[in-house]
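Colleague: can you look at this prediction? I've put the sequence above it.
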Amino acid sequence: MFNSRPIADNTQAFSLHTPVLTTERLVLRPPVREDAEDLAVIANAREIAEMTRRMPHPYKMEDANAFIDQVTNGDVEGHIYAVTLADTGHLIGMTSVERRLSQDALEVGYWLGKKWWGHGYASEACTAVVDLAFRVTGADTVFATSRPINVASRQILLKQGFVFVGGDEVNTLAAGRVQVDRYRLTRSAWLDNKSSN
(Lines give C-alpha, C1' and ligand atoms only; values in the text may rest on other atoms or scores of the structure.)
Protein backbone atom coordinates (compact mmCIF):
# COMPACT_ATOMS: atom_id res chain seq x y z
CA MET A 1 0.00 0.00 0.00
CA PHE A 2 2.71 2.49 1.00
CA ASN A 3 6.31 2.49 -0.16
CA SER A 4 8.26 1.39 2.85
CA ARG A 5 11.66 0.18 3.91
CA PRO A 6 12.66 -1.84 6.99
CA ILE A 7 14.41 0.10 9.74
CA ALA A 8 16.36 -1.02 12.77
CA ASP A 9 13.45 -1.71 15.11
CA ASN A 10 11.68 -3.86 12.48
CA THR A 11 8.94 -1.28 11.86
CA GLN A 12 8.35 0.03 8.36
CA ALA A 13 9.48 3.54 7.49
CA PHE A 14 7.03 5.34 5.24
CA SER A 15 8.60 7.00 2.21
CA LEU A 16 7.17 8.72 -0.84
CA HIS A 17 9.55 8.86 -3.77
CA THR A 18 7.83 11.75 -5.45
CA PRO A 19 8.83 14.54 -7.80
CA VAL A 20 8.60 18.23 -7.07
CA LEU A 21 4.98 19.37 -6.80
CA THR A 22 3.74 22.51 -8.50
CA THR A 23 0.56 24.48 -8.00
CA GLU A 24 -0.67 27.71 -9.55
CA ARG A 25 1.59 29.86 -7.33
CA LEU A 26 3.84 27.42 -5.48
CA VAL A 27 6.63 24.91 -5.95
CA LEU A 28 6.89 22.23 -3.27
CA ARG A 29 10.30 20.56 -3.18
CA PRO A 30 12.61 18.84 -0.70
CA PRO A 31 14.35 21.29 1.64
CA VAL A 32 18.05 21.86 0.95
CA ARG A 33 20.92 23.27 3.00
CA GLU A 34 20.61 26.60 1.17
CA ASP A 35 17.17 27.02 2.80
CA ALA A 36 18.60 27.09 6.32
CA GLU A 37 19.03 30.84 6.65
CA ASP A 38 15.52 31.65 5.42
CA LEU A 39 14.07 28.81 7.47
CA ALA A 40 15.72 30.09 10.65
CA VAL A 41 14.17 33.53 10.07
CA ILE A 42 10.61 32.55 9.16
CA ALA A 43 10.32 29.71 11.69
CA ASN A 44 11.46 31.91 14.56
CA ALA A 45 7.96 33.01 15.56
CA ARG A 46 6.23 31.83 18.70
CA GLU A 47 2.85 32.04 16.93
CA ILE A 48 4.04 29.35 14.51
CA ALA A 49 5.96 27.16 16.95
CA GLU A 50 3.02 26.93 19.34
CA MET A 51 0.83 25.51 16.56
CA THR A 52 3.26 22.68 15.78
CA ARG A 53 4.45 19.69 17.78
CA ARG A 54 8.15 19.58 16.92
CA MET A 55 9.22 23.18 16.32
CA PRO A 56 11.24 24.76 19.13
CA HIS A 57 11.13 28.43 20.05
CA PRO A 58 13.32 30.33 19.64
CA TYR A 59 14.23 28.71 16.33
CA LYS A 60 17.92 29.15 15.57
CA MET A 61 20.22 28.51 12.64
CA GLU A 62 21.38 25.26 14.23
CA ASP A 63 17.75 24.12 14.44
CA ALA A 64 17.28 24.83 10.74
CA ASN A 65 20.47 22.97 9.81
CA ALA A 66 19.59 20.00 12.03
CA PHE A 67 16.10 19.76 10.54
CA ILE A 68 17.37 19.91 6.96
CA ASP A 69 20.05 17.31 7.76
CA GLN A 70 17.40 14.98 9.21
CA VAL A 71 15.26 15.31 6.08
CA THR A 72 18.23 14.92 3.72
CA ASN A 73 19.55 11.87 5.60
CA GLY A 74 16.14 10.17 5.60
CA ASP A 75 15.79 10.41 9.38
CA VAL A 76 12.31 11.93 9.08
CA GLU A 77 9.57 9.44 8.30
CA GLY A 78 7.32 10.54 5.47
CA HIS A 79 7.89 13.25 2.96
CA ILE A 80 8.70 16.85 3.85
CA TYR A 81 8.31 19.65 1.35
CA ALA A 82 9.71 23.16 1.38
CA VAL A 83 6.93 25.48 0.23
CA THR A 84 8.35 28.09 -2.14
CA LEU A 85 6.88 30.82 -4.32
CA ALA A 86 6.85 29.78 -7.97
CA ASP A 87 7.79 33.22 -9.28
CA THR A 88 10.76 33.86 -6.97
CA GLY A 89 11.73 30.51 -5.42
CA HIS A 90 11.52 32.15 -1.97
CA LEU A 91 10.92 29.77 0.94
CA ILE A 92 7.66 30.56 2.77
CA GLY A 93 7.01 27.44 4.88
CA MET A 94 6.89 23.65 5.09
CA THR A 95 4.33 20.92 4.47
CA SER A 96 4.41 17.16 4.88
CA VAL A 97 2.76 13.80 4.40
CA GLU A 98 3.61 11.40 7.22
CA ARG A 99 2.30 8.13 8.61
CA ARG A 100 0.21 8.68 11.68
CA LEU A 101 -2.27 6.86 13.90
CA SER A 102 -2.15 3.50 12.09
CA GLN A 103 -0.28 1.72 9.36
CA ASP A 104 -3.04 2.41 6.86
CA ALA A 105 -3.52 6.13 7.50
CA LEU A 106 -1.52 9.22 6.64
CA GLU A 107 -1.41 12.68 8.18
CA VAL A 108 -0.74 15.95 6.41
CA GLY A 109 0.71 19.02 8.07
CA TYR A 110 1.72 22.53 7.06
CA TRP A 111 2.90 25.86 8.37
CA LEU A 112 3.80 29.17 6.72
CA GLY A 113 5.81 32.20 7.76
CA LYS A 114 3.60 34.99 9.16
CA LYS A 115 4.28 37.28 6.17
CA TRP A 116 2.39 34.86 3.92
CA TRP A 117 -0.68 34.26 6.08
CA GLY A 118 -4.05 35.18 4.63
CA HIS A 119 -3.15 34.81 0.94
CA GLY A 120 -4.41 31.27 0.33
CA TYR A 121 -0.93 29.75 0.13
CA ALA A 122 -1.50 27.30 3.01
CA SER A 123 -4.69 26.06 1.38
CA GLU A 124 -2.87 25.63 -1.93
CA ALA A 125 -0.03 23.68 -0.29
CA CYS A 126 -2.47 21.54 1.72
CA THR A 127 -4.42 20.66 -1.42
CA ALA A 128 -1.19 19.57 -3.13
CA VAL A 129 -0.10 17.20 -0.36
CA VAL A 130 -3.60 15.79 0.20
CA ASP A 131 -3.83 15.06 -3.53
CA LEU A 132 -0.38 13.46 -3.38
CA ALA A 133 -1.34 11.27 -0.44
CA PHE A 134 -4.38 9.85 -2.21
CA ARG A 135 -2.93 9.65 -5.71
CA VAL A 136 0.32 7.82 -4.99
CA THR A 137 -0.69 5.59 -2.07
CA GLY A 138 -3.55 3.23 -1.41
CA ALA A 139 -4.57 5.15 1.71
CA ASP A 140 -8.30 5.22 2.38
CA THR A 141 -8.00 8.00 4.95
CA VAL A 142 -5.86 11.07 5.52
CA PHE A 143 -5.77 12.76 8.92
CA ALA A 144 -4.81 16.25 10.06
CA THR A 145 -4.48 17.94 13.42
CA SER A 146 -5.06 21.56 14.37
CA ARG A 147 -5.07 23.53 17.60
CA PRO A 148 -8.64 24.64 18.46
CA ILE A 149 -7.38 28.24 18.65
CA ASN A 150 -6.04 28.06 15.08
CA VAL A 151 -9.18 29.16 13.23
CA ALA A 152 -7.38 29.67 9.90
CA SER A 153 -6.00 26.13 9.90
CA ARG A 154 -9.42 24.69 10.73
CA GLN A 155 -10.96 26.58 7.80
CA ILE A 156 -8.30 25.20 5.44
CA LEU A 157 -9.07 21.64 6.54
CA LEU A 158 -12.83 22.07 6.25
CA LYS A 159 -12.39 23.51 2.77
CA GLN A 160 -10.51 20.34 1.80
CA GLY A 161 -13.43 18.22 3.01
CA PHE A 162 -11.91 17.11 6.33
CA VAL A 163 -14.39 16.41 9.10
CA PHE A 164 -13.84 16.81 12.83
CA VAL A 165 -13.41 13.48 14.62
CA GLY A 166 -12.59 14.54 18.17
CA GLY A 167 -10.33 16.31 20.59
CA ASP A 168 -7.02 15.12 21.96
CA GLU A 169 -3.91 16.36 23.73
CA VAL A 170 -0.34 16.33 22.41
CA ASN A 171 3.05 17.37 23.74
CA THR A 172 4.73 20.24 21.90
CA LEU A 173 8.24 21.64 22.17
CA ALA A 174 7.15 25.28 22.31
CA ALA A 175 3.90 25.18 24.29
CA GLY A 176 4.03 22.02 26.39
CA ARG A 177 0.91 19.84 26.48
CA VAL A 178 -1.91 21.37 24.45
CA GLN A 179 -5.41 20.59 23.21
CA VAL A 180 -5.75 19.62 19.55
CA ASP A 181 -8.62 18.80 17.23
CA ARG A 182 -8.29 15.80 14.94
CA TYR A 183 -9.76 15.74 11.44
CA ARG A 184 -10.27 12.99 8.87
CA LEU A 185 -10.70 12.96 5.09
CA THR A 186 -11.76 9.74 3.37
CA ARG A 187 -10.84 8.84 -0.18
CA SER A 188 -14.51 8.88 -1.19
CA ALA A 189 -15.00 12.39 0.25
CA TRP A 190 -11.82 13.55 -1.50
CA LEU A 191 -13.09 12.18 -4.81
CA ASP A 192 -16.48 13.84 -4.29
CA ASN A 193 -14.74 17.13 -3.50
CA LYS A 194 -12.61 16.84 -6.64
CA SER A 195 -15.59 16.10 -8.86
CA SER A 196 -17.55 19.08 -7.52
CA ASN A 197 -14.72 21.58 -8.14
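Modeller: Arrived safely.
Colleague: hey, where'd the strands end up in this structure?
Modeller: Secondary structure of the chain (DSSP state E): strands at 4-6, 12-14, 21-22, 26-29, 79-85, 91-99, 105-112, 141-146, 163-172, 176-186.
Colleague: wait, which of those is closest to P56?
Modeller: Minimum separation from P56 across the strands of the chain (Cβ to Cβ) falls at strand 163-172, 9.6 Å. Every C-beta, even on glycine, is put in place using the N, C-alpha and C of the backbone.
Colleague: partners of that closest one in the sheet?
Modeller: Partners of strand 163-172 in the sheet, by DSSP bridges, are strand 176-186 (antiparallel).
Colleague: just the angle between the strand it pairs with and strand 141-146, please?
Modeller: 150 degrees (axes from the mean of the first three to the mean of the last three Cα atoms, to 10 degrees).
Colleague: what sits up against strand 176-186?
Modeller: Here strand 176-186 makes contact (Cβ atoms under 8 Å, 6 or more residues apart in numbering) with 50, 130, 140-148, 154, 157, 160-172.
Colleague: what of stretch 82-96?
Modeller: By Cβ under 8 Å, 6+ apart, the surrounding residues in contact with stretch 82-96 are 22-32, 35, 38-39, 42, 78-81, 108-113, 115-116, 121-122, 125-126, 128-129.
Colleague: what's the PyMOL syntax to select whichever of those are buried?
Modeller: Of the contacts of stretch 82-96, the buried ones go into a single PyMOL selection, burial set by 16 or more other Cβ atoms under 10 Å:
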select buried, resi 23+26+27+28+29+31+35+38+39+42+78+79+80+81+108+109+110+111+112+113+116+121+122+125+126+128+129
